[in-house]
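Colleague: what follows is a predicted protein model with its sequence.
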Amino acid sequence: MVMTREAEIEQELIRLLSDQHYTIRHDIRNREALEGNFREKFETLNRVRLTNSEFDRLLEEIVTSDVFANAERLRNWNTFEREDGTPLHYQLVNLKDWCRNSFEVVSQLRMNTRSSHHRYDVILLLNGLPLVQIELKALQVSPRKAMQQIVDYRNDPGNGYGNSLLCFMQLFIVSNCSQTWYFANNNDEHFLFNVEERFLPIYSWATRDNRKIEHLSEFAQQFLAKCTLAEMISRYMVLIQNERKLVMMRPYQVYAVKAIVDCIRENRGNGYIWHTTGSGKTLTSFKASTLLKDNPDIEKCLFVVDRKDLDKQTREEFNRFQPGCVEENTNTETLVQRLLSDDYRNKVIVTTIQKLGLALGGSSKQQYRDRLEPLRNKRVVFIFDECHRSQFGENHQAIRAFFPNAQLFGFTGTPIFSTNASYSRIEGREASLVTTQDIFDKELHTYTITHAIDDGNVLRFHVDYFKPDGTPVRPGETPAKRAVVEAILGKHDAATNQRKFNALFATASIDDAIEYHRLFRDIQQARMAQDPDFLPLNIACVFSPPAEGNRDVAQLQEDLPQELEDNKVDPNRKKAALAEIIADYNARYGTNHDVTNFDSYYQDVQSRIKDQKYPNSDLPRAKKIDITIVVDMLLTGFDSAYLNTLYVDKNLKYHGLIQAFSRTNRVLNDSKPYGNILDFRAQREAVDEAIALFSGEASERAKEVWLVDPAPKVIERLAEATRKLSDFMADHGLPARPEEVSNLRGDAARAGFIERFKEVRRLATQLDQYTDLAPEQRAQIEALIPRDSLRSFSARYLELAKQLQDRARKTDDPDDPAGQIDFEFVLFDSALIDYDYIMGLIARFSQAAPERRKMTREELMRLLASSARLMEERDDLEAYVATLREGEGLSEDEIRAGYARFKAARQAEALAHIAEKHGLEAQALQGFVDLILGRMIFDPDALTDLFRPKGLGWKARAQAELALMEDLIPWLNRKAEGREISGLEVYDQR
């Protein structure tokens, strides 16, 4: 029998858990029963009997809204003072052996709090504590709806998660039977569901060979097996201390850690982990090293990197997870001291391969070798980050020679095979690069980019091979630089979803980077002179200066081969050019960097690239970087989810190509469907070779997995989606026109439109970011869904989605069509179309004569209505634009001031109307709302005072208060502009 209804799925899950020897507790349906059961388990585990007042005080101590504090309390011994003054050292669960806790199942638990009456489908109790919540949906409903419900519950003021034992919730699981995902609980700042639709990471479980386990029955049998679940919560959930954030490990990370730990426990030699770039190798290695910290047979665990900046980055990453767990090794002497230290804090050390080589190599450092002699025969574990780099040289051999009992483990996203082995210049000497397997013996676990794309953990790539004037560039041919810059300027807005994202530009040499930086400046200045509406791109450029004895720069350049070679020729000219580039950067961003402190400039560029994540309302566009010109820097190891495009005027091959491409494919949301590559070197063959080499076991379908479908296929899907939308409208007796959407009758029909148009918009968004569309393909897309129609349909979608979303929040009916829709707003968002941009457009609309106007009033209205970013402002903005006279010639400052006055007057008028409707004095109501907004706190006594002059009885007054608040809450929410008004949740039934 196929289970489709939510109740059927729930009963089957409970049966499966019963088969796995969970105790089913039908008697626990409310808060009192939950607390009574926890008390019984607590007293048994800690061999104590508490008085009623002691238990009440214990609850008062441990129940807190701080999710992170509860997670720490759950994993540690704690102390409680008893009534007689003696301390009780207690644990909440069996910390020595989590498998030996009691495992119970509760279903349909109701938690009635001050303002919430939530019901929870299935909760798993460990030792009486609710640690796992499973929220189920019917088969036809996406599990994302269950996610949204959990997030709404968690963010509902007064919810049970903050003031009951539900505060110990560690893990959420959502399923519609065929799809099952899990994700960690967290404090509010890490638990968001907003217009950007950036979720906490969600995971599917998988087998060791990366086969996804999504059906609820198989997931329950594997992931929810009692010891597996206990292990996931106790060992494979990471608490990031300085962010106070909980992170679950992904399945492949768990298997990699187990493989390393087992290899060490059984002393089975060395091994390497092939986990693709972007898969979270630092978290995996951190967890492995912390588990080794408690292994008494291991003397030291060294995490070894090979660049100064990566050393800093890795150390900071480790210290994110556990502050102070690794310290900076400022010089080789410090490293030697920490290696010899017996302090437990020095058991895990992050260092560079170069420092380690100095400590172990050559007669000049004999003193270090002699001092380290006591460690020679000890068991030392080395974990190498990105093990395809300089670990293949003499330093690596020195480590193996000095520590014969050491075990060496390497992490790499792009292993060295015989195909891509080459030579590398290390400290002026040439050393042959052998394969990763030659160095690290055996592959312990594999998670390739093919697996990661299949799982949705990284994105596919869209590669556009540049064709100037429609003529293909021949392989090896270098196009004219001016043509490259013109092409980038023409394609950048489309590639980056209207500048929501930013880009790197990989150039072949320092001289090329210098020339490109000058060309961008000159060409953009010329365009601004010709077109006052041209919005220039913010261009940055970074490459290393000549080392000139600077050890930090010299060490940095060991992994920057092109820059190292380039700086040997005419170094003074390159240094002067870099100084000029930095001066331009300082002038643009108000900074004060110089060449002598290159690292601070380099770090600032990286931070500013990552600042793209902030909306322009929080950080102005002028403070961000659109394109960063590079040579070798930032093409490995640099991560930003808001970087989606790589321009390439540089020959790339094998692992270098994959590393560079992988800067663009971090997952964000549906507004970023793939990583964009615009190649100016006709490297199709090199791309195909790299895909074949690094695809893992799925090489026969690798290109299909790695690369997005070509434009004709996506246009076919768009044609099908628009046909389905037209057929749907026709089935309801309506033509497929935006203005007819309001004539759809019933929530089921409106929900049908939402689902069908969402697919049209998703495909249109994907095609919008294709930079290689031919003119005839653009015409084909325009014929399928004209731009004006797309905007008008988008406006209707946003209206309906908002209405249905508000309605869905008011009902628990699983059959309600509004409750089954997976609302998506991020597809209708653009970083470019923000408040500042709209103010500028309105000003240009006001200033231009009708014959020179680029955007009509109607087009401006459509743009306003189609943007999710402006949903809250839309009504006011549209009404304001309607009042403006053509050719009035208002400046942008006058437009802004006029809009502020208009909005204030409109809100005052709406408030006066509310006062009149409810028979209140306008001035009294104004005083009431001013009190609320001044303190951002709702005062029920003030509401009572507001109605006192009317002399109503208590029942009539209560009804009048409810009626007023129903009208007043939307007004207050608009005035609050996203801020929360404490206490208002009692009346807010949205």
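Modeller: On my side now, so go ahead.
Colleague: quick one: low-confidence parts of the stretch 251-400 of the chain?
Modeller: The stretch 251-400 of the chain contains residues with pLDDT under 70 at 306-330, 361-365, 386-395.
Colleague: strands along that one, start to end?
Modeller: Along the stretch 251-400 of the chain, the segments classed as strands by DSSP state E, counting those that start in this stretch run 271-275, 300-305, 348-352, 380-384.
Colleague: mind putting those into JSON lines with mean neighbour count?
Modeller: Yep, even glycine has a C-beta here, placed from its N, CA and C like the rest. Converted to JSON lines, the strands of the stretch 251-400 of the chain look like this (neighbours: other CB atoms under 10 Å):
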{"stretch": "strand 271-275", "mean neighbour count": "25"}
{"stretch": "strand 300-305", "mean neighbour count": "24"}
{"stretch": "strand 348-352", "mean neighbour count": "24"}
{"stretch": "strand 380-384", "mean neighbour count": "24"}
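Colleague: which parts of the stretch 101-250 of the chain are helices?
Modeller: Ranges of helices within the stretch 101-250 of the chain are 143-155, 160-163, 216-222, 226-234, based on DSSP state H, counting those that start in this stretch.
Colleague: do the same with the stretch 851-990 of the chain
Modeller: Using DSSP H, counting those that start in this stretch, the helices of the stretch 851-990 of the chain run over 857-865, 874-883, 892-917, 922-935, 940-947, 954-976.
Colleague: before we move on, the earlier item: which one of the strands of the stretch 251-400 of the chain lies closest to residue 103?
Modeller: Using CB to CB as the measure, strand 271-275 is the one of these that comes nearest residue 103, at 31.7 Å.
Colleague: ok, that closest one: who's next to it in the sheet?
Modeller: Strand pairing for strand 271-275, using DSSP bridges, gives strand 407-412 (parallel), strand 443-447 (parallel).
Colleague: going by mean pLDDT, which of these comes out lowest?
Modeller: In terms of mean pLDDT, the lowest-scoring of those is strand 407-412 (a mean of 90).
Colleague: contacts for that strand?
Modeller: Contact partners of strand 407-412, identified using CB atoms under 8 Å, 6 or more residues apart in numbering, comprise 260, 263-264, 267, 269-275, 281, 284-285, 288, 379-388, 391, 399-400, 436, 439-440, 444.
Colleague: any idea which residue is closest to the centre of the chain?
Modeller: residue 668 (5.3 Å; CA atoms, centre = their mean).
Colleague: excluding sequence neighbours, find me the nearest residue to that residue.
Modeller: Leaving aside its chain neighbours, residue 668 sits nearest to residue 641 (4.6 Å; criterion: CB to CB, 6 or more residues apart in numbering).
Colleague: is that neighbour part of a helix or strand, or is it coil?
Modeller: Of the three states, residue 641 takes coil according to DSSP: H, G, I helix; E, B strand; the rest coil.
Colleague: buried ones in stretch 639-648, by neighbour count?
Modeller: Residues 640, 641, 642, 643, 644, 645, 646, 647, 648 are the ones in stretch 639-648 that count as buried (16 or more other CB atoms under 10 Å).
Colleague: and stretch 26-37, by the same measure?
Modeller: 28, 31, 34, 35, 37.
Colleague: what's the neighbour count on the residue nearest to residue 88 when sequence neighbours are not counted?
Modeller: Of all residues not flanking residue 88 in the chain, residue 80 sits nearest, at 4.6 Å (CB to CB, 6+ apart). As a burial measure, residue 80 scores 17 neighbours (other CB atoms under 10 Å).
Colleague: what's the answer for the one 3 residues further on, then?
Modeller: The local packing count at residue 83 equals 10, with neighbours defined by other CB under 10 Å.
Colleague: my guess is it contacts residue 54, does it?
Modeller: Yes. Counting by CB atoms under 8 Å, residue 83 touches residue 54, with 5.9 Å between them.
Colleague: about what we covered before: for residue 717, find the nearest of the helices of the stretch 101-250 of the chain.
Modeller: Nearest to residue 717, of those and by CB to CB, is helix 143-155 at 21.1 Å.
Colleague: and that closest one, what does it pack onto?
Modeller: Using 3 or more CB pairs under 8 Å, 6 or more residues apart in numbering; DSSP states H and E as the contact test, the elements touching helix 143-155 are strand 129-136, strand 171-175, strand 180-184.
Colleague: let's have those in a markdown table, adding distance to residue 542, mean neighbour count and mean pLDDT.
Modeller: Converted to a markdown table, these look like this (distance: least, CB to CB, whole Å; neighbours: other CB atoms under 10 Å; pLDDT from 0 to 100):
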| stretch | distance to residue 542 | mean neighbour count | mean pLDDT |
| --- | --- | --- | --- |
| strand 129-136 | 46 | 25 | 96 |
| strand 171-175 | 41 | 24 | 95 |
| strand 180-184 | 35 | 22 | 93 |
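Colleague: to residue 561, which of these lies closest?
Modeller: strand 180-184 (40.6 Å).
Colleague: only the buried residues of stretch 578-587, if you could.
Modeller: 578, 581, 582, 584, 585.
Colleague: so who does residue 66 touch?
Modeller: Neighbours of residue 66 in contact, by CB under 8 Å, 6+ apart: 167, 187, 244.
Colleague: isn't the residue nearest to the centre of the chain right up against residue 643?
Modeller: No. Using CB under 8 Å, residue 668 is not in contact with residue 643; the gap is 10.1 Å.
Colleague: rewinding a little: what is the most widely separated pair among the buried residues of stretch 26-37?
Modeller: Top of the distance list for those (CB to CB): 31 and 37, 11.0 Å.
Colleague: number of residues surrounding residue 933?
Modeller: 14.
Colleague: revised request: answer the last question for residue 573.
Modeller: Neighbours of residue 573 (other CB under 10 Å): 12.
Colleague: what is the host helix or strand of it packed up against?
Modeller: Residue 573 is part of helix 571-589, with elements assigned from DSSP states H and E. Packed against helix 571-589 by the contact rule (3+ CB pairs under 8 Å, 6+ apart) you find helix 510-530, helix 598-610.
Colleague: what's the first-to-last distance across stretch 451-467?
Modeller: 32 Å (CA to CA, to the nearest Å).
Colleague: just the buried residues of it, please?
Modeller: Quick answer for stretch 451-467 (16+ other CB under 10 Å): 451-453, 455, 457-466.
Colleague: so residue 920 sits right up against residue 943, yeah?
Modeller: No. When contacts are counted by CB under 8 Å, residue 920 is not listed as touching residue 943 (11.0 Å).
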